[in-house]
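Participant: here's my sequence, what's the structure:
(2 chains)
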Amino acid sequence: MKMEDIVKTYISKNGNQVKALNNINYNFKEGKFYAIMGQSGSGKTTLINILGLVDVPTRGKYFFNGLEVQKLSNDKLSEIRNNEIGFVFQHFYLNNRLTALENVLLPTLINKKHTKEEIIENAKKLFNNLGLESRMNHYPNELSGGEQQRVSLIRALINEPSVILADEPTGNLDYNNELEILKLLKEVSKKKCVIVVSHNPNIKKYADIVLNLDKGVLNEN
Amino acid sequence: MKTKELFLLGFKSLKFLSLRKKIFLVIQIVIMLLILIPFGFYSVFSNAAETIINNQYEFREISLYGTSNDYEKYKSVLNEYENNHIVYIDELATPNIRAYTSVDSRNNFILKRKIEGFVPEVTNGNELNNKYDIICPEMATDVNFEELNYNDLINLEEKIGKTINLNFLNSDDELVFSQEFNIVGTYNADFYYSYDTCYILNNTFDEILSKINSDLKEDSDTVKDLFILYVDNNENVEEITNYLENNDIMVSVPKLDDKIVNYILLLSIFIMIILVITSIIILINYFKNYYKEEYYNIALYKALGFKEKDIIKIIFIENILLIFVALIVSIVLFIFLKIIVTLYLHQFVAFRIVEIRLSIIPLFIYYLVIILLNYVFLKIDINEISSMSIKRIGEL
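Facilitator: Predicted coordinates for the structure are as follows:
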């Protein structure tokens, strides 16, 4: 994921220009755990949105697996998001109408990589690996915070993406669950590009590379 | 995305409804119920109106009235008038005779002539053949109608083949003679509201009449019915009436009042229009703001890589299923209402003909309108949905 001179500007309600990202140049690689640290308002969410193909930069170029993102249609971007990117959110964002297994299988409804049987088998393996085999048929409100975040992580992994984007994944967890999630992300990062955005300093211990985002400018520590 | 999966997602969404969706569901059920009620109950009144208009014989009976001095003149006019629509001319102008079941009480049946086209269809038993044969209502009464309850009706259908003794009194209420009649058949009196009316052969009727009227004194100045003409169809009554009046014959015909049917229809249509407008306003408001409640789910779908068309399909089907639930519930509630109202109305004798109909077509037309509105608003709002979800993902 290569960013060249990325600038993202918003127009505020009173007509002022706000630069959320300011000339970002960076190349994210597979097999690494990146921690992007920054305070509130530093542009972390904007950066994640652009990396995750849900927003486009005002200026600059962003290449995902060699494709220039600005030249792609919305449908193509959706397809890439489904196949190549897994999101993990601070508030888990599971669909409360679906069981844990159904939540995990949601991204597979529009993915044609595998058959249904292969997908379910893969899902069950992931549930087992993360110690949630007995919780598959429970609804999110029947799960603890840590369990919900693990389900969220399984959902992010189910389509075998090459990138995991996590926005404050431990923000709503207690210390023990926090450590467990970070360990899992570290494990996942051996074969994927894992980018975690946070202001939690504990993440630095697990990250291969720590980046600082301050007033829209990205620097490596 | 497969249709089956879309519907499964939609069904899942029905399990957990937000307060807003529950309110919307209730409103839809009420609106659909209020669509069913006018159409359903209209049939009750139209049945009753049809009974009055088409089946009540008195609207096809033209009474020619005058004094005894007018008799010959009227007879002459009638003899010269050729009209095939006149089925029978009653020269004695006596359409019915009271037949008392008991001399002591005032309980009586009404006997009428068997005139072709003026006798109801025999539903059980046989037609009149012999002199003292009689056709009676299936459920009958010889008491005053105003005090009658449906449960007071006597089942005469069970008495086919048996006899009934009837007493005939003169104008001074003195017994002239009694006669046994054979109940050969019965008819359904519900549509004629004639639970006290029985039919005998024309000759028998004349014979009884002559016996009980034999002591009547002629009064030349009294105005009375001199003839009764029985007409085959309501449509022909006016033509015959006009002819007679043009020949200076005084006629009397009961008037039909079929306006009530039109009033009910107009009222129903008016209620329908109000309902449709109200519901469209509610629906527009609901669909316009649907995405505001669903933006987290929409943002999640976007993050997971669902395309806009997939998201539209998911929302569309969720709404369609929700309103389908309202459809089913409203039909079930209507059926319950129908049962309760029918049971109540059956206490009133004439309402045995009550048939409250379930009108599916107007309901489905309304359902299709909602589907169309749903789709239109989704298409209109999809840009807003997309842009909103992009912001929302950032807040997720």
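Participant: name the helices or strands packed onto the one helix or strand residue B:205 maps to?
Facilitator: Taking DSSP states H and E as the definition, residue B:205 sits inside helix B:202-213. Contact partners of helix B:202-213 among helices and strands, from 3 or more CB pairs under 8 Å, 6 or more residues apart in numbering or on different chains; DSSP states H and E: strand B:96-100, strand B:108-113, strand B:163-169, strand B:175-187. No exception for glycine: its C-beta is placed from N, CA and C like everyone else's.
Participant: state the mean pLDDT of the very next helix or strand once past that helix.
Facilitator: Remark: after helix B:202-213, the chain's next helix or strand is strand B:224-231, criterion DSSP H and E. On average, the pLDDT along strand B:224-231 is 90.
Participant: dump the C-alpha coordinates for whichever helix or strand comes after strand B:224-231 into CSV.
Facilitator: Sequence order places helix B:237-246 as the next helix or strand after strand B:224-231, per DSSP H and E. What follows is helix B:237-246, C-alpha atoms only, in CSV (Å, rounded to 0.1, in the frame of the first residue of the first chain):
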residue,chain,number,x,y,z
VAL,B,237,-92.8,-1.0,-13.6
GLU,B,238,-92.4,2.6,-14.7
GLU,B,239,-93.6,2.0,-18.2
ILE,B,240,-96.8,0.3,-17.0
THR,B,241,-97.4,2.9,-14.3
ASN,B,242,-97.1,5.7,-16.8
TYR,B,243,-99.6,4.0,-19.2
LEU,B,244,-102.1,3.6,-16.4
GLU,B,245,-101.8,7.1,-15.1
ASN,B,246,-102.2,8.4,-18.7
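Participant: what strands line up against the following helix or strand past helix B:237-246, and which way round?
Facilitator: Next along the chain after helix B:237-246, taking DSSP H and E as the criterion, comes strand B:250-252. In the sheet, strand B:250-252 lines up against strand B:61-66 (antiparallel) (DSSP bridges).
Participant: now do the strand it pairs with: distance to the chain's middle.
Facilitator: 30 Å (CA atoms, centre = their mean, to the nearest Å).
Participant: quick one, strands of chain A?
Facilitator: Residue ranges of the strands in chain A, as given by DSSP state E, are A:2-11, A:17-27, A:33-37, A:59-64, A:67-68, A:85-88, A:163-167, A:193-198, A:209-214, A:217-220.
Participant: test my guess that residue A:36 contacts residue A:195.
Facilitator: Yes: Residue A:36 is within contact range of residue A:195, at 6.5 Å (criterion: CB atoms under 8 Å).
Participant: against residue B:135, how distant is the residue of the stretch 101-250 of chain B found nearest chain A?
Facilitator: When distances are taken as CB to the nearest CB, the stretch 101-250 of chain B reaches nearest to chain A at residue B:150, 52.2 Å away. As judged by CB to CB, to the nearest Å, residue B:150 and residue B:135 stand 21 Å apart.
Participant: of the helices and strands packed on helix B:202-213, which stretch is the most buried?
Facilitator: strand B:108-113 (a mean of 21; mean count of other CB atoms under 10 Å in any protein chain shown).
Participant: parallel or antiparallel, list what pairs with that one.
Facilitator: Strand pairing for strand B:108-113, using DSSP bridges, gives strand B:96-100 (antiparallel), strand B:197-200 (parallel).
Participant: and the average pLDDT for that strand is what?
Facilitator: Strand B:108-113 comes out at a mean pLDDT of 91.
Participant: same question, stretch B:153-173
Facilitator: Mean predicted confidence for stretch B:153-173 is 89.
Participant: just stretch B:335-353 next, same as before
Facilitator: 74.
Participant: equivalent analysis for stretch B:315-330, please.
Facilitator: 88.
Participant: got the residues of chain A near chain B?
Facilitator: A:45-46, A:48-49, A:52, A:54-55, A:74-75, A:78-83, A:85, A:87, A:89-91, A:93, A:95-98, A:102, A:106-107, A:109-111, A:155, A:167 (CB under 8 Å from any CB of the partner chain).
Participant: quick one: the helices in chain B?
Facilitator: Remark: helices assigned in chain B by DSSP state H are B:3-15, B:19-50, B:71-80, B:202-213, B:237-246, B:259-303, B:308-345, B:360-395.
Participant: and the longest one, what other elements does it pack with?
Facilitator: In other words, helix B:259-303. Against helix B:259-303 (3+ CB pairs under 8 Å, 6+ apart) you get helix A:74-84, helix B:19-50, helix B:308-345, helix B:360-395.
Participant: which parts of the shortest one are buried?
Facilitator: When neighbours are counted by 16 or more other CB atoms under 10 Å in any protein chain shown, the buried residues of helix A:74-84 are found to be A:77-84.
Participant: which residue does chain A bring closest to chain B?
Facilitator: Closest point on chain A to chain B, by CB to the nearest CB, is residue A:82, at 2.4 Å.
Participant: quick one, what contacts the residue nearest to the spatial centre of chain A?
Facilitator: Among the residues of chain A, residue A:165 comes closest to the average C-alpha position under CA atoms, centre = their mean, at 1.7 Å. By CB atoms under 8 Å, 6 or more residues apart in numbering or on different chains, the residues touching residue A:165 are A:48, A:51-52, A:85-88, A:195, A:197.
Participant: same check on residue A:199?
Facilitator: So residue A:199 contacts A:37-40, A:44, A:168 (CB under 8 Å, 6+ apart).
Participant: if we use 7 Å, what do you get?
Facilitator: For residue A:199, the contacting residues are A:37-39, by CB atoms under 7 Å, 6 or more residues apart in numbering or on different chains.
Participant: any of these buried? List them.
Facilitator: Buried among the contacts of residue A:199 by 16+ other CB under 10 Å: A:37-38.
Participant: residues touching residue A:2, list them.
Facilitator: Contacts of residue A:2 (CB under 7 Å, 6+ apart): A:27, A:63.
Participant: bridged to it, which residues?
Facilitator: residue A:27, residue A:63.
Participant: quick check: it vs residue A:163, distance?
Facilitator: Residue A:2 is 13 Å from residue A:163, by CB to CB.
Participant: just the closest residue of the stretch 201-350 of chain B to chain A, please.
Facilitator: residue B:305 (2.4 Å).
Participant: quick check: pLDDT value at the closest residue to that residue other than its chain neighbours.
Facilitator: In this structure, residue B:305 finds its nearest non-sequential neighbour in residue A:82, 2.4 Å apart by CB to CB, 6 or more residues apart in numbering or on different chains. pLDDT, residue A:82: 93.
Participant: residues contacting residue A:82?
Facilitator: A:107, A:110-111, A:159, B:304-305.
Participant: all set now, cheers.
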